[in-house]
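Asker: sequence isn't available, so here's the structure alone:
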């Protein structure tokens with residue numbers, strides 16, 4: 001059994017006094033006090049929906065949110081502390097050294113019994129702007145192996161299945177991850193039947209792909225607990241998800257379509273109404289096959305400058321407790337290019353290896369021009385990653 005409990009700050013030299021040991025519950029890190037005791041349902045950590053001044057009734061982009069969060073923390077006198085140590089606490093959680101999830105039905109993407117699928121997102125510089133590279137060959141040349149998973153560009157209806165490139169990857173034994181989006185009008189009118197014909201066409205395309213190449217991961221309307229997508233924090237989200245699932249079920253597509261529900265991990269110690277408890281948008285165990293987490297370390301924002309374990313651990317524990325039969329994947333993670341990228345990456349993959357219930361990890365090896373962030377892996381980091389991924393725990397395509 002692996003049991004992790006860290007009741008100390010991450011650096012012995014941290015100038016902040018240690019936060020007292022506490023039971024699981026919501027903890028206000030800016031005031032060094034516990035907000036609530038645990039109840040029968042595991043809490044969402046850290047606290048949420050209390051908001052920063054000026055942000056309570058306004059939706060912000062991720063960039064605006066992180067910028068505002070940094071200002072608020074600086075005003076509270078904590079900015080220098082964030083750079084010196086980790087302020088949040090790890091939840092206690094025990095699990096076997098090998099976690100085996102129940103098998104999924106049909107020809108869906110099965111979680112590995114041992115190890116973790118390794119994948120990358122390097123298809124576009126921004127949505128709809130492809131790079132002239134062949135991702136599988138790109139990584140094979142640099143890492144010595146092809147990735148187990150590659151991400152398809154975000155598709156809108158009715159293309160909710162891997163396209164030509166996906167077929168090419170599937171022939172090489174690579175699992176496709178397809179992001180699916182609804183535009184604003186499609187989302188608002190989905191429950192009125194306005195997209196039913198498109199869903200029918202999408203489901204038929206998924207069946208055609210699945211019959212020839214097998215299952216693929218499908219992540220519709222990702223990061224729903226954030227406010228930056230038009231489907232974000234919408235009360236109808238779970239109903240729209242189930243509506244889509246039911247159309248695919250009626251066509252037999254769910255034998256192949258592996259439904260990945262991906263939420264955004266709120267940064268430790270941040271209080272904002274722009275990211276809230278993803279459980280509010282959970283469609284139900286019947287409609288979800290995998291659970292995904294998304295997180296980033298961005299140099300321009302102190303609030304996101306944490307090691308990977310700090311960014312994901314409490315979220316991982318909460319999901320493992322709430323949905324113990326659902327395999328978990330780190331669907332998106334990245335570190336801004338900089339002098340410490342190699343160190344952060346090595347630590348991140350060590351963290352991935354240490355979490356036995358984490359069955360996939362996909363690095364966002366890309367530029368997000370909307371956020372002005374470059375997360376691409378440098379040649380030096382790729383060389384180091386080649387050494388790291390030689391460990392058999394990290395599963396690559398054969």
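Answerer: Okay, I see it. Fair warning: this is a prediction, and the values are worked out from it, not measured in the lab.
Asker: from now on I want contacts and neighbour counts done on CA atoms only, so please keep to that.
Answerer: Will do.
Asker: roughly how far does residue 169 sit from residue 178?
Answerer: According to CA to CA, to the nearest Å, residue 169 stands 12 Å off from residue 178.
Asker: what of residue 368?
Answerer: 18 Å.
Asker: next one: residue 393
Answerer: For residue 393 relative to residue 178 (CA to CA), the value is 24 Å.
Asker: residue 169 and residue 178: which is more packed in?
Answerer: residue 178 (27 against 22; other CA atoms under 10 Å).
Asker: is the more buried one in a bridge, and if so with what?
Answerer: residue 152, residue 218 (DSSP bridges).
Asker: check residue 394 too.
Answerer: Applying DSSP bridges, one finds that residue 394 bridges with residue 116.
Asker: who's in contact with it?
Answerer: Residue 394 is in contact with 115, 116, 117, 118, 353, counting by CA atoms under 8 Å, 6 or more residues apart in numbering.
Asker: and of the residues you listed, the nearest to residue 389?
Answerer: residue 118 (8.7 Å; CA to CA).
Asker: and that closest one, which of the three is it?
Answerer: strand (DSSP: H, G, I helix; E, B strand; the rest coil).
Asker: any idea how far it is from residue 309?
Answerer: In terms of CA to CA, residue 118 sits 17 Å off from residue 309.
Asker: settle it for me: which of these two has more neighbours?
Answerer: residue 118 (23 against 18).
Asker: hmm, that one is touching residue 148, no?
Answerer: Yes. Counting by CA atoms under 8 Å, residue 118 touches residue 148, with 5.5 Å between them.
Asker: how about the secondary structure of the residue nearest to residue 220 when sequence neighbours are not counted?
Answerer: Among residues not flanking residue 220 along the chain, residue 180 sits closest, at 4.2 Å (CA to CA, 6 or more residues apart in numbering). Under the three-state scheme (three-state DSSP), residue 180 adopts strand.
Asker: just give me the neighbour total for residue 180.
Answerer: Applying other CA under 10 Å, I find that residue 180 has 20 neighbouring residues.
Asker: need the contact list for it.
Answerer: 154, 155, 156, 157, 160, 218, 219, 220, 221.
Asker: the fifth one: what secondary structure?
Answerer: The assignment at residue 160 comes out as coil when based on three-state DSSP.
Asker: tell me how many other residues crowd it.
Answerer: Residue 160 has 25 neighbouring residues, counting by other CA under 10 Å.
Asker: any idea which element the residue lying closest to it once chain neighbours are set aside lies in?
Answerer: For residue 160, ignoring the flanking residues on the chain, the nearest one in space by CA to CA, 6+ apart is residue 202 at 5.4 Å. Per DSSP states H and E, residue 202 falls inside helix 196-213.
Asker: helices or strands next to that helix in the packing?
Answerer: helix 164-171, helix 237-250 (3 or more CA pairs under 8 Å, 6 or more residues apart in numbering; DSSP states H and E).
Asker: just those helices: most buried one?
Answerer: helix 237-250 (a mean of 18; mean count of other CA atoms under 10 Å).
Asker: tell me the helix or strand right after that helix.
Answerer: Using DSSP H and E, the helix or strand that follows helix 237-250 towards the C-terminus is strand 257-264.
Asker: direction included, what does that following strand pair against?
Answerer: strand 216-220 (parallel), strand 290-297 (parallel).
Asker: please name whichever of those strands is nearest to residue 228.
Answerer: Per CA to CA, nearest to residue 228 of the strands paired with strand 257-264: strand 290-297, 13.7 Å.
Asker: what mean pLDDT does that closest one get?
Answerer: Strand 290-297 carries an average pLDDT of 95.
Asker: burial count for the residue lying closest to residue 222 once chain neighbours are set aside?
Answerer: On the basis of CA to CA, 6+ apart, the spatially nearest residue to residue 222 that is not a chain neighbour turns out to be residue 262, at 5.1 Å. Neighbour count of residue 262, defined by other CA under 10 Å: 25.
Asker: what residues are shared contacts of residue 118 and residue 148?
Answerer: 395, 396.
Asker: from residue 372, how far out is residue 305?
Answerer: 16 Å.
Asker: tell me which element residue 111 is part of?
Answerer: Assigned by DSSP H and E, residue 111 belongs to no helix or strand.
Asker: how about the strands paired with strand 257-264 in CSV, adding mean neighbour count and distance to residue 362?
Answerer: Below are those laid out as CSV (neighbours: other CA atoms under 10 Å; distance: least, CA to CA, whole Å):
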stretch, mean neighbour count, distance to residue 362
strand 216-220, 24, 12
strand 290-297, 24, 9
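Asker: closest one to residue 230 among these?
Answerer: Using CA to CA, the strands paired with strand 257-264 put strand 216-220 closest to residue 230, at 12.8 Å.
Asker: so the closest one versus helix 237-250, what angle?
Answerer: Angle, strand 216-220 to helix 237-250, by axes from the mean of the first three to the mean of the last three CA atoms, to 10 degrees: 150 degrees.
Asker: other residues contacting strand 216-220?
Answerer: By CA under 8 Å, 6+ apart, strand 216-220 touches 108-109, 160-161, 175-181, 210, 241, 256-262.
Asker: what do you get for stretch 336-353?
Answerer: Contacts of stretch 336-353 (CA under 8 Å, 6+ apart): 115-116, 297-299, 307-309, 335, 358, 361, 373-378, 380-381, 384-385, 388, 393-394.
Asker: can you select the buried ones from those in ChimeraX?
Answerer: Buried subset of these, written as a ChimeraX selection, criterion 16 or more other CA atoms under 10 Å:
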select :115,116,297,298,299,307,308,309,335,358,361,373,374,375,376,377,381,384,385,388,394
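Asker: take the contacts of stretch 336-353 and keep only those in strands.
Answerer: 116, 297, 335, 358, 361, 373, 374, 394 (DSSP state E).
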